[in-house]
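Participant: pasting the structure only:
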């Protein structure tokens, strides 16, 4: 599958840094798997820290992602939805304005929960950002 490279002039409300921060939080959340051995009792060095990928009651990854999205204003959340839908193939880069309008028109404004429940959301965000010319390697994410 070839990447779409329609670098249409798009002005986002959300900064690329915020978008990529949320993308990385979503990637952390997507990587979580069901806990297989709750009483492993092993040392992270011995098990190559694989337990970090397991969901547990102390894990705040989902909460961090939820709060990061929920803290955005309505326009920034609409940008995230539009980028997700573009990356999923629902809209092209040339249709970014239409995607943003569709996101603004969503009557149910539970954007954070919607994104958390969207499988592959980090991949969709990455593809959506790429479609409009943003590459994660070009964005400084010093706070990660």
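Facilitator: Yep, that arrived. This structure is a prediction, so every number in the text was calculated from the model and none was measured. Residues are numbered from 1 along each chain as shown.
Participant: where does the prediction get shaky in the chain?
Facilitator: Across the chain, the stretches falling below the confidence threshold (pLDDT under 70) are 1-9, 31-59, 107, 136, 138-144.
Participant: so how many other residues sit close to residue 114?
Facilitator: Applying other Cβ atoms under 10 Å, we find 17 other residues in the vicinity of residue 114. Where you see a C-beta, it was placed from the backbone N, CA and C, and this is true even at glycine.
Participant: please disregard the earlier target; I meant residue 25.
Facilitator: 22.
Participant: now do residue 62
Facilitator: For residue 62, the neighbour count with other Cβ under 10 Å is 15.
Participant: then the one 5 residues further on?
Facilitator: Burial measure for residue 67: 12 neighbouring residues, criterion other Cβ under 10 Å.
Participant: nearest spatial neighbour of it, skipping sequence neighbours?
Facilitator: Distances taken as Cβ to Cβ, 6 or more residues apart in numbering place residue 112 nearest to residue 67, at 7.8 Å, with adjacent residues excluded.
Participant: run through the neighbouring helices and strands of the helix or strand where that neighbour lies.
Facilitator: In this structure, residue 112 sits in helix 111-116 according to DSSP states H and E. Counting contacts by 3 or more Cβ pairs under 8 Å, 6 or more residues apart in numbering; DSSP states H and E, helix 111-116 packs against helix 16-30, helix 61-70, helix 74-88.
Participant: next secondary structure element downstream of it?
Facilitator: Next along from helix 111-116, by DSSP H and E: helix 121-131.
Participant: same for that following helix, what does it pack against?
Facilitator: Looks like helix 121-131 contacts helix 16-30, helix 74-88 (3+ Cβ pairs under 8 Å, 6+ apart).
Participant: the residue nearest to residue 67 and residue 70 touch, don't they?
Facilitator: Yes. At 4.4 Å, residue 112 counts as touching residue 70 under the criterion of Cβ atoms under 8 Å.
Participant: number of residues surrounding residue 137?
Facilitator: Using other Cβ under 10 Å, residue 137 has 6 neighbouring residues.
Participant: ignore the last one, residue 106
Facilitator: Residue 106 is flanked by 13 other residues according to other Cβ under 10 Å.
Participant: thinking again about what came up before, and residue 112 and residue 70? Which one has more around it.
Facilitator: Shown here are residue 112 and residue 70; by other Cβ under 10 Å, residue 112 has more neighbours (20 against 12).
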